[in-house]
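K.L.:
output the structure for:
(4 chains)
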Protein chains: 4
Amino acid sequence: MGRVMATNLINAGHSVRVWNRSPAPVDALVAKGATAVATPQDAFAAEAVISMLADDAAVKSAILESGALNAARAGLVHANMATISVSWSQVLVDAHRERGLAYVAAPVFGRPDAAAAATLHIVAAGPSEAIDRVQPLFDALGQKTWRLGDDAPRANVMKIAGNFLIACAIEAMSESAALVQAHGLAPRDLFDMLTSTLFASPIYKNYSGLIVDQRFEPAGFALRLGLKDTRLALAAGEDAHVALPFGSVLRDNFLDAIAHGDADRDWTAVAKVALRRAGLGATETGSV
Amino acid sequence: MGRVMATNLINAGHSVRVWNRSPAPVDALVAKGATAVATPQDAFAAEAVISMLADDAAVKSAILESGALNAARAGLVHANMATISVSWSQVLVDAHRERGLAYVAAPVFGRPDAAAAATLHIVAAGPSEAIDRVQPLFDALGQKTWRLGDDAPRANVMKIAGNFLIACAIEAMSESAALVQAHGLAPRDLFDMLTSTLFASPIYKNYSGLIVDQRFEPAGFALRLGLKDTRLALAAGEDAHVALPFGSVLRDNFLDAIAHGDADRDWTAVAKVALRRAGLGATETGSV
Amino acid sequence: MGRVMATNLINAGHSVRVWNRSPAPVDALVAKGATAVATPQDAFAAEAVISMLADDAAVKSAILESGALNAARAGLVHANMATISVSWSQVLVDAHRERGLAYVAAPVFGRPDAAAAATLHIVAAGPSEAIDRVQPLFDALGQKTWRLGDDAPRANVMKIAGNFLIACAIEAMSESAALVQAHGLAPRDLFDMLTSTLFASPIYKNYSGLIVDQRFEPAGFALRLGLKDTRLALAAGEDAHVALPFGSVLRDNFLDAIAHGDADRDWTAVAKVALRRAGLGATETGSV
Amino acid sequence: MGRVMATNLINAGHSVRVWNRSPAPVDALVAKGATAVATPQDAFAAEAVISMLADDAAVKSAILESGALNAARAGLVHANMATISVSWSQVLVDAHRERGLAYVAAPVFGRPDAAAAATLHIVAAGPSEAIDRVQPLFDALGQKTWRLGDDAPRANVMKIAGNFLIACAIEAMSESAALVQAHGLAPRDLFDMLTSTLFASPIYKNYSGLIVDQRFEPAGFALRLGLKDTRLALAAGEDAHVALPFGSVLRDNFLDAIAHGDADRDWTAVAKVALRRAGLGATETGSV
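P.N.:
Predicted coordinates for the structure are as follows:
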């Protein structure tokens, strides 16, 4: 994601400096006009920073423990576009405030192809003047920015809730596909009808196609990241004493899928769990 | 449902004879041009019968135990448009076959307003010549008939799986609404974004609106019927040894809702369960 | 169960007439001194009837539809010792009352070896004078009768709740066995400690032994009956709007087990589900 | 727990130095003969250290970040008797090994009254010579030490699995109590029968008593700690890709209980969740 997003920033004419743990993506971006920097500190010596790190632990290491914030240029705006936990988002709010830096949480909806096409949906929260300042960058990355007010962690809650809804849709399609297949129907027929009527939306159309075709590679979004995001939803629920029984089922089933070797396949591969538990072969999933 | 559907048949110029347990809907239809009949047997003395009964027990009583099939006119086609169990659909297939009658399972997708507007989606399975014969009736009732082959119970499986997907969407929205509300966000903001993008489909748009507005009366589809349909999905799963863990959560939550007095409210009222379990008041659900 | 219980009645000196669907068990009992009868009606021409039928459907067929109750001797007491649903128990209460017959619900706790040793625990509800009359029979069958008052279905609720607790204990042991095995420990070590301390009870001792040894054949209680009894618990819950989320998990896992060929193995074979879902081989379950 | 355990060590004649975050328990122990020390470092200047901290975070702060291990006397054996995560136990194994110190994981089974009576069951893993050296301390604290080999985290897995089994028993009793109460029976009658027969073990006897009497204060083990331990079980499961569906239900229900104000009541107060969801009043729980 980070690489294609940086490419869009370069293509939009911005001066981009790049840091990454592993060098390969950096080299590709340098070939397109970016400047490589050696440390997170160097990256934060800028007007604005866009960060897109894997998870809470990567954020902690690269942004807090690296000392990057201490090296930040005065007036810097940091837009963190990764999907991280609500509680870590608050840690970052506090760490920036202590140093007089502006922090914007701006996670995105969209798979890598949407990132490449700059059609992401960006959910942004933080001080409005800070969002204003990075809005030109967001415009180069996505088709729309949804602003959610001053409180940065709210953007993370929204992103987590959105991914939770997607995961629930995948599991619901998986169970119903197993149900109809077990009764001799083609899941394709079920989804052809429903995704052209009641469920005529991108999530149901695209993901039911992946499930029906058992097209789990290459992964648009890896199943182990689906587990990570489910964990974020459960943690956000736990912080506020909200039980999420669908989330509990998702967690169990993603673990089952990972135990069967599907961690790096697309998260729609969780559909294999319902089939396997019912003693149904994956190869029978296609249209009859 | 039955009343508005009969009205559409009358309006389309068909000669309609009506039987119902309670007389009030019959009188209204007679005023529009239908002929009232006293027994199910009388209703089956026709070229075609459309039945729309509440559940398996009503079907058993009105169609099998009443002796209606024994009184049926030779060559009759019976299109059963109710949502009944897969196993009872098979019982009806057999009972019709023994008597040389044609049986079509033709459950519908759509709430009462869609029935009134004749925009239902009809899922039909049964002998193709029998479906051909009642197709003009279906054309007066819905916008499209989806044909699923000769084996009538398959239409019931499809209907049950479709309703299961809708119920899962409702529960997923309910849990995510509770999650964001507990973190100080408005569920409305979550759904505004998602139902204009990833989840831009009728089910998510309409039902999220009911949930956000807590508009559970009048019921478009009563919650106790939502439990009934979940039971049908679980039973269909059990027949084929398919575990449906989302279905189990739905069942538990519909029971919780009924224990709290919501049996006759719209099935989206199950959204109150997630709020109540989290100690959140329903009145806080609106936009902040 | 029925055969060993009838043997105990014969051994206690009672005059026993036997009816059964299939003749083999009858012949064995006749060899021990019982008299065979040809129909349920003949069986009900007695002072007392002990029935031990498989499920609601068998009760309906053999006792109601057969006309047996209409042939019953005046003053007869019928003690139904089978595990049936709460709602069917009420149907039987009403059917006996209409005919002036006494009905006692008296399900039992204990596996076949306990039945053979006449050490069953009997849970009895019904009119106290009726229970008094069959108490000598109960004394020949079990070690203790637990009386629960006049309302027969309460005995069924108690039996269903008891079996539900046993099933929950089996599932809890199964999940914890998978957990410790996945971390390199022997489930045997876990259960050796716990069943000699906190969980020093017959259920945990016996069933953990079956799980650790993977000794699922011969079945003391078949897994498909475990599913049946879970269904009875869920139905009793549904009648009273009580969600049983552990019951829902049990149902899902018994279905998973049946889909993998374990319907006729002991119900502790549900332990294979947790292992299989975790990608762990059953053969590794023994002590390390 | 820590205070009564230290008292037992003093009573057994050991020379005890005490450190605690808050001073009150320390003063009480000093009155009994202990020596107060100001820092964890001082505590680790000893032959052996028994630690009993609240959770992973407390262990991290008091033992790692405090520098206590760096101040440890050569040859020290540290027995960590707290219930912590499997992954943190491994962190501690490594931290001790680097410094040439001996680490024993020795969590305990037993509520405060068992700790006071020195009848705890201790589950110990670590180098056998290290366990030998602290065995006299364990003998002053518990009635039996169960040794599980050299690998310290295994003791934590065992403790976590044991507490998971207890939590499952509590939830199973809670659901069955709600079920029988909803059908007009007294939960007391159910448990009187079962805990004197199939479930005649301390856990079922004691905890069913608390549930039947709704005796949730004072807390023998606080519900928020029950959630913590369930989280440890789920995390241990996640580390090894083991789905624990009963654990997921426990987590949801503990959250529900906490959202309703029961965090500091005994963890058996989770029984109120099943009653509340079924619309049943807690006051009806007693014997009818």
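K.L.:
whichever residue of the stretch 1-150 of chain A sits closest to chain C: which element?
P.N.:
Taking CB to the nearest CB as the measure, the point where the stretch 1-150 of chain A comes nearest chain C is A:A57, at 22.5 Å. Backbone N, C-alpha and C define where each C-beta goes, glycine included. Using DSSP states H and E, A:A57 falls within helix A:56-59.
K.L.:
now for that helix, which elements pack on it?
P.N.:
helix A:86-98 (3 or more CB pairs under 8 Å, 6 or more residues apart in numbering or on different chains; DSSP states H and E).
K.L.:
touching chain B at all, the helix it packs on?
P.N.:
Yes. Using CB under 8 Å from any CB of the partner chain, helix A:86-98 reaches chain B at A:V86.
K.L.:
off-centre distance for that helix?
P.N.:
20 Å (CA atoms, centre = their mean, to the nearest Å).
K.L.:
following that helix, which helix or strand shows up next?
P.N.:
Per DSSP H and E, the helix or strand that comes after helix A:86-98 is strand A:102-105.
K.L.:
what is the mean pLDDT for that following strand?
P.N.:
Mean pLDDT, strand A:102-105: 98.
K.L.:
what does it rub up against?
P.N.:
Strand A:102-105 is contacted from outside by A:75-80, A:89, A:92-93, A:96-97, A:124-127, A:129-131, A:133-134, A:152-156, using CB atoms under 8 Å, 6 or more residues apart in numbering or on different chains.
K.L.:
any buried residues in the helix holding A:A57, and which?
P.N.:
For helix A:56-59, burial by neighbour count (16 or more other CB atoms under 10 Å in any protein chain shown) applies to A:D56, A:V59.
K.L.:
next helix or strand past that helix?
P.N.:
Scanning onward from helix A:56-59 (DSSP H and E), the first element met is strand A:77-80.
K.L.:
distance from the helix holding A:A57 to the middle of the chain?
P.N.:
Helix A:56-59 has its C-alpha centroid displaced from the chain centroid by 14 Å (CA atoms, centre = their mean).
K.L.:
so for that helix, mean pLDDT?
P.N.:
Here the average pLDDT along helix A:56-59 is 94.
K.L.:
repeat that for stretch A:41-50.
P.N.:
pLDDT averaged over stretch A:41-50 gives 95.
K.L.:
contacts for the helix holding A:A57?
P.N.:
With CB under 8 Å, 6+ apart, helix A:56-59 has contacts from A:S51, A:L53, A:N80, A:A82, A:I84, A:S85, A:W88, A:L92.
K.L.:
could you rerun that using 10 Å?
P.N.:
Contacts to helix A:56-59, defined as CB atoms under 10 Å, 6 or more residues apart in numbering or on different chains, come from residues A:21, A:51-53, A:65, A:80, A:82-85, A:87-89, A:91-92, A:228, A:232, A:235.
K.L.:
can I get that helix as PDB, trimmed to CA atoms?
P.N.:
Taking C-alpha atoms only, helix A:56-59 is exported to PDB below (Å, rounded to 0.1, in the frame of the first residue of the first chain):
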ATOM      1  CA  ASP A  56       0.900  -0.900  16.700                       C
ATOM      2  CA  ALA A  57       4.300  -2.500  17.300                       C
ATOM      3  CA  ALA A  58       5.700  -1.000  14.100                       C
ATOM      4  CA  VAL A  59       4.400   2.400  15.000                       C
END
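K.L.:
next up, phi/psi of A:N8, please.
P.N.:
phi -60, psi -40 (degrees, to the nearest 10).
K.L.:
coming back round to it: tell me, which of the contacts of helix A:56-59 make contact with chain D?
P.N.:
Filtering the contacts of helix A:56-59 for proximity to chain D (criterion: CB under 10 Å from any CB of the partner chain) leaves A:A235.
K.L.:
please state the offset of stretch A:224-244 from the chain centre?
P.N.:
Distance, stretch centre to chain centre, for stretch A:224-244: 14 Å (CA atoms, centre = their mean).
K.L.:
avg pLDDT for that stretch?
P.N.:
Averaged across stretch A:224-244, pLDDT comes to 97.
K.L.:
check stretch A:172-182 too.
P.N.:
98.
K.L.:
outline the domain layout of chain A.
P.N.:
Here the domain parsing of chain A from automatic domain parsing is A:2-151, A:157-281.
K.L.:
Serialize these to TSV and add fields for distance to C:A114.
P.N.:
Formatted as TSV, the domains of chain A follow (distance: least, CB to CB, whole Å):
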stretch	distance to C:A114
domain A:2-151	53
domain A:157-281	33
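K.L.:
looking at those, which is buried most?
P.N.:
Comparing the domains of chain A by mean neighbour count (mean count of other CB atoms under 10 Å in any protein chain shown), domain A:157-281 comes out on top with a mean of 23.
K.L.:
what's the span of it, first residue to last?
P.N.:
37 Å (CA to CA, to the nearest Å).
K.L.:
so which residues on the stretch 101-250 of chain A come close to chain C?
P.N.:
So far as CB under 10 Å from any CB goes, the stretch 101-250 of chain A lies against chain C at A:A182, A:P245, A:S248, A:V249.
K.L.:
near chain D at all, the helix or strand containing the last one?
P.N.:
Using DSSP H and E, A:V249 sits within helix A:245-259. Yes. Between helix A:245-259 and chain D, judged by CB under 10 Å from any CB, the touching residues are A:245, A:247-259.
K.L.:
quick one: is the lengthiest helix in chain A near chain D?
P.N.:
Looking across chain A with DSSP state H, the single longest helix is helix A:153-182. No. Helix A:153-182 does not reach chain D (CB under 10 Å from any CB); its nearest approach is 13.4 Å.
K.L.:
and the angle for that helix with helix A:86-98?
P.N.:
Going by axes from the mean of the first three to the mean of the last three CA atoms, to 10 degrees, helix A:153-182 is angled at 160 degrees with respect to helix A:86-98.
K.L.:
close to chain B, is the following helix or strand past helix A:153-182?
P.N.:
Later in the chain than helix A:153-182, the nearest helix or strand by DSSP H and E is helix A:187-194. Yes. Interface with chain B: helix A:187-194 contributes A:P187, A:D189, A:L190, A:F191, A:D192, A:M193, A:L194 (CB under 10 Å from any CB).
K.L.:
centroid residue for chain A?
P.N.:
Closest to where the C-alpha atoms of chain A average out (CA atoms, centre = their mean) is A:T83, at 5.4 Å.
K.L.:
now do the SS call for that one.
P.N.:
Classification of A:T83 using DSSP: H, G, I helix; E, B strand; the rest coil returns coil.
K.L.:
ok, it - contacts?
P.N.:
A:T83 neighbours (CB under 10 Å, 6+ apart): A:52-56, A:107-109, A:156, A:159-160, A:162-163, A:225, A:228-229, A:232.
K.L.:
would you list the phi and psi of it?
P.N.:
According to degrees, to the nearest 10, A:T83 has phi -90, psi 100.
K.L.:
for it, give its distance to chain D.
P.N.:
Per CB to the nearest CB, to the nearest Å, A:T83 is found 18 Å from chain D.
K.L.:
next one: that residue, what pLDDT does it get?
P.N.:
For A:T83, the model assigns a pLDDT of 95.
K.L.:
now do the one 4 residues further on
P.N.:
A:S87 is assigned a predicted lDDT (pLDDT) of 95.
K.L.:
what residues are up against it?
P.N.:
A:D56, A:P153, A:N156, A:L232, A:A235, A:A236, A:E238, A:D239.
K.L.:
next, format the residues you listed as CSV and append distance to C:A28.
P.N.:
Shown next, in CSV, are the contacts of A:S87 (distance: CB to CB, whole Å):
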residue, distance to C:A28
A:D56, 68
A:P153, 73
A:N156, 70
A:L232, 63
A:A235, 61
A:A236, 64
A:E238, 59
A:D239, 64
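K.L.:
who's in contact with A:V16?
P.N.:
So A:V16 contacts A:6-10, A:29-30, A:32-35, A:46, A:50, A:137 (CB under 10 Å, 6+ apart).
K.L.:
apply 7 Å and report the result again.
P.N.:
A:V16 makes contacts with A:A6, A:L9, A:I10, A:A34, as judged by CB atoms under 7 Å, 6 or more residues apart in numbering or on different chains.
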